[in-house]
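Visitor: how does the following fold in three dimensions:
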Amino acid sequence: MSEYFGTDGIRGIANKDLTLELSAKVGNALTMFKNEPLVVIGTDTRASKDMLKCAVMSGILAGGGNVIDLGILTTPAISYITSLRKADFGVVISASHNPPEYNGIKIFDRSSEKLGERERDFIEKRIENNDFNYSETFGTIRYDKEVYTEYIKYLLETVESDFKGLKIVLDCSNGASFDIAPKIFQDLGAEVYCYNCNSSGHDINVGCGSLYEQFLIQKTIEHQADIGFAFDGDADRVIGATNDGKVIDGDLIIYILAKYLRQSNRLLGNMVVGTHHTNMGMELALQKIGIKLTRADVGDHFVACQMQKLGCVLGGEQSGHIILKNYAPTGDGILAALQLVNVLKKTGKSVKQLADYD
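Guide: Numbers count the residues shown, from 1 in each chain. Below is the predicted model of the structure:
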């Protein structure tokens, strides 16, 4: 049982559970996997982001590693850029959907996937033993606040048509997607109504985002938008809403995407991965159209592992973690939202018409 790593990295209240010392040790441990590793790092908007980022970077630099600081960026974007920049690790300072006083550390390997159990255990042992790599050479920091445009370009290339004529509401939870999500949907031609799009960090996830669907429903109805989306603090999960007041949870997103992929012969093995919380009605509906659902333990890491094992291209959780392996190795809320709107645009159908199960 891990003492520090949970199902999605290390988390805790900043300056209480997640301290400068612990953060520096985590960063330094990365330099014990490989000499002079290259590490990309980014954060969500939390007020503690700079303190913890500097601590992690200090540990890396002391061990001879080099850092590319990406600034405020979503977790999936940092995962993508880890591979793009051929980095050895990608580090995210974020506590996802948790309140502002929390923060966390997520780590990706060079393949842009979250660290496995062996790597997590290695880091924990270094922390417990107070091992610290003091290198004879010192690393450097390079700032790259423009590389996110490569991620935007990549996401835009995943859709089959523009979104002109569509009205879309976005709730960015005052988190990492505050500027990138509106830009992407606007670039595709949608009329965008954006809420909770500030970056102060003091109100991240406070009464907004993917855990507060009633706000999203209210605004989607108010604007009579074609669809609405709410992201969590680091935008690795998404929840949707319709203009008649219905929630589009992760199960429904998976169902609609699975149907579309199967019809276009892109659902490898006609199989998707869910969890033990996945809606039974959705499973039965998938069976009727020839798609098998297999269940993993709760947690996007377990879903990703099961997908890897079975060769699946689509999986996720009811909470809105959606993994589309054809495009990315980890959950991406903006990507999932884009793919859902793509289905609506290509089929000319509404969510209600596509969601033919109870």
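Visitor: for this structure, which spans come out with low pLDDT?
Guide: Low-confidence segments of the chain (pLDDT under 70): 1-2, 357-358.
Visitor: with just CA atoms, put stretch 162-169 into CSV.
Guide: Below are the C-alpha coordinates for stretch 162-169, written out as CSV (Å, rounded to 0.1, in the frame of the first residue of the first chain):
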residue,chain,number,x,y,z
ASP,A,162,-15.8,22.7,-38.0
PHE,A,163,-18.3,23.6,-35.3
LYS,A,164,-19.9,26.5,-37.1
GLY,A,165,-23.5,27.1,-36.2
LEU,A,166,-23.2,25.5,-32.8
LYS,A,167,-23.6,27.3,-29.4
ILE,A,168,-21.5,25.7,-26.7
VAL,A,169,-21.3,26.6,-23.0
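Visitor: how's the protein carved up into domains?
Guide: With domains defined by automatic domain parsing, the chain comprises 5-149, 158-354.
Visitor: okay, the ones you listed in TSV with mean neighbour count next?
Guide: (C-beta placed from N, C-alpha, C; glycine too.) What follows is the domains of the chain, written out as TSV (neighbours: other CB atoms under 10 Å):
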stretch	mean neighbour count
domain 5-149	20
domain 158-354	21
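Visitor: what's the helix or strand for residue 122?
Guide: For residue 122, the element it lies in under DSSP states H and E is helix 117-128.
Visitor: contacting residues around that helix?
Guide: Residues outside helix 117-128 that contact it (CB atoms under 8 Å, 6 or more residues apart in numbering) are 2-5, 22, 25-26, 28-30, 32-33, 107, 109, 115, 131-132.
Visitor: check which element follows that helix along the chain.
Guide: Counting by DSSP H and E, the element after helix 117-128 in chain order, helix or strand, is strand 141-143.
Visitor: note down every partner strand of that next one and its orientation.
Guide: Partners of strand 141-143 in the sheet, by DSSP bridges, are strand 66-72 (parallel).
Visitor: hey, C-alpha coordinates of the partner strand in CSV?
Guide: Taking Å, rounded to 0.1, in the frame of the first residue of the first chain, the C-alpha atoms of strand 66-72 are listed here in CSV:
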residue,chain,number,x,y,z
ASN,A,66,17.1,19.9,-16.7
VAL,A,67,13.6,21.4,-16.7
ILE,A,68,11.3,23.0,-19.2
ASP,A,69,8.7,25.1,-17.4
LEU,A,70,5.4,25.2,-19.4
GLY,A,71,3.5,27.5,-17.0
ILE,A,72,-0.2,27.0,-16.5
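Visitor: what's downstream of it, the next helix or strand?
Guide: Downstream of strand 66-72, the first helix or strand assigned by DSSP H and E is helix 75-84.
Visitor: and the helix or strand where residue 169 lies, how far from the chain's centre?
Guide: Taking DSSP H and E as the definition, residue 169 sits inside strand 167-171. Centre-to-centre, strand 167-171 and its host chain are 18 Å apart (CA atoms, centre = their mean, to the nearest Å).
Visitor: so after that strand, what's the next helix or strand?
Guide: helix 180-187.
Visitor: how close does residue 275 get to residue 120?
Guide: Note on residue 275: its distance to residue 120, by CB to CB, to the nearest Å, is 20 Å.
Visitor: strands - which of the contacts of helix 117-128 land there?
Guide: 5, 107 (DSSP state E).
Visitor: and residue 103, what does it touch?
Guide: Taking CB under 8 Å, 6+ apart as the test, what residue 103 contacts is 11, 12, 13, 14, 18, 46, 48, 49, 52, 93, 94, 95.
Visitor: among those, which one sits closest to residue 101?
Guide: residue 13 (5.3 Å; CB to CB).
Visitor: show me what that closest one is bridged to.
Guide: Counting by DSSP bridges, residue 13 is bridged to residue 102.
Visitor: wait, it touches residue 98, no?
Guide: No - under the criterion of CB atoms under 8 Å, residue 13 makes no contact with residue 98, lying 9.3 Å away.
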